[in-house]
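Asker: predicted model and sequence follow; I will ask about them next.
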Amino acid sequence: VACGHHSCAIPPPFRNQEARVIDTMKTTTIASLALNIVLAAVVLVALLGRTQQHEQDVGMMMVRAPAATGLAAPCTGSRTAVNFHRRFKFQPRRKPDPPRKWSMKVGDKVKVISGGDKGKESEITRVYRKSGYVLVKDVNLKTKHQRPQGEDETGAIIQIEHPIHHSNVKVTERSVYTKPVAAVATE
């Protein structure tokens with residue numbers, strides 16, 4: 001007898017089958033939801049672990065001020081402060097780019113064409129081929145505070161020549177420098 005109701009219109013065997021399908025769908029949905037939550041938790045833990053490792057690496061490279069970020073500084077003990085300089089200590093200031101044809105030799109007269117000592121003329125005392133720098137007499141002087149070596153000595157402020165890049169000097173007069181030949185013993 002059909003009463004017009006939806007539940008009454010379906011015969012009893014089909015009603016049980018529909019209930020089983022709905023129950024199966026509910027359990028499948030709950031299981032997949034639980035699986036998704038577990039997977040999300042695993043991914044989150046993996047990302048947090050990677051982020052913490054990255055922050056430790058970044059903490060070695062640069063020290064951030066806590067006030068600037070609003071967070072605690074990523075310093076991991078004294079290791080960060082101790083090893084901070086090691087990342088920058090051996091990096092050259094300019095990329096080593098020695099010219100293929102090196103025209104400058106020890107003893108050449110050169111003129112400084114750029115920098116603080118522009119216009120000075122002097123001679124080359126040492127050549128650093130690998131880095132592309134030359135040491136020029138009385139050019140690029142830096143002051144050094146020297147500590148006393150012995151008990152009777154006093155400290156001093158001395159001036160030392162520092163190397164200058166080869167592109168900042170121009171050769172004005174070439175020297176007739178020849179490499180010293182080892183004396184051959186004659187019998």
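Answerer: Everything's here; your move. Please read these numbers as outputs of a predicted model, since none were measured by experiment.
Asker: tell me where this structure has helices.
Answerer: With DSSP state H, the ranges of helices along the chain come out as 6-9, 12-61, 66-69, 79-83, 86-89.
Asker: where among these is average confidence lowest?
Answerer: Across the helices of the chain, helix 66-69 has the smallest mean pLDDT, namely a mean of 47.
Asker: give me the helices and strands touching the longest strand seen in the chain, please.
Answerer: Scanning the chain for the strand with the most residues, using DSSP state E, yields strand 121-128. Helices and strands touching strand 121-128, by 3 or more C-beta pairs under 8 Å, 6 or more residues apart in numbering; DSSP states H and E, are strand 109-112, strand 133-136. In short, each C-beta sits where N, CA and C put it, glycine included.
Asker: end to end, how far does stretch 150-170 reach?
Answerer: End-to-end distance of stretch 150-170 (C-alpha to C-alpha, to the nearest Å): 42 Å.
Asker: in it, what's buried?
Answerer: Across stretch 150-170, burial judged by 16 or more other C-beta atoms under 10 Å covers Glu161, Pro163, Ile164, His165, His166, Asn168, Val169.
Asker: what's the closest non-adjacent residue to the last one?
Answerer: Nearest residue to Val169, sequence neighbours excluded (C-beta to C-beta, 6 or more residues apart in numbering): Val110, at 4.3 Å.
Asker: ok, that neighbour - contacts?
Answerer: By C-beta atoms under 8 Å, 6 or more residues apart in numbering, Val110 lies in contact with Met104, Glu121, Ser122, Glu123, Ile124, Val134, Val136, Val169, Lys170, Val171, Thr172.
Asker: how many other residues sit next to Ala40?
Answerer: When counting by other C-beta atoms under 10 Å, one arrives at 10 neighbours for Ala40.
Asker: gap between it and Leu33?
Answerer: As judged by C-beta to C-beta, to the nearest Å, Ala40 and Leu33 stand 11 Å apart.
Asker: thinking again about what came up before, what is the nearest of the buried residues of stretch 150-170 to Arg100?
Answerer: Proximity of the buried residues of stretch 150-170 to Arg100 (C-beta to C-beta) peaks at His166, which lies at 12.4 Å.
Asker: what sits against the closest one?
Answerer: Going by C-beta under 8 Å, 6+ apart, His166 touches Pro99, Met104, Gly132, Tyr133, Val134.
Asker: where does Gly116 land on pLDDT?
Answerer: Per-residue confidence at Gly116 stands at 91 (pLDDT).
Asker: touching, it and Lys142? I think so.
Answerer: No. Taking contacts as C-beta atoms under 8 Å, Gly116 lies outside contact range of Lys142: 10.8 Å.
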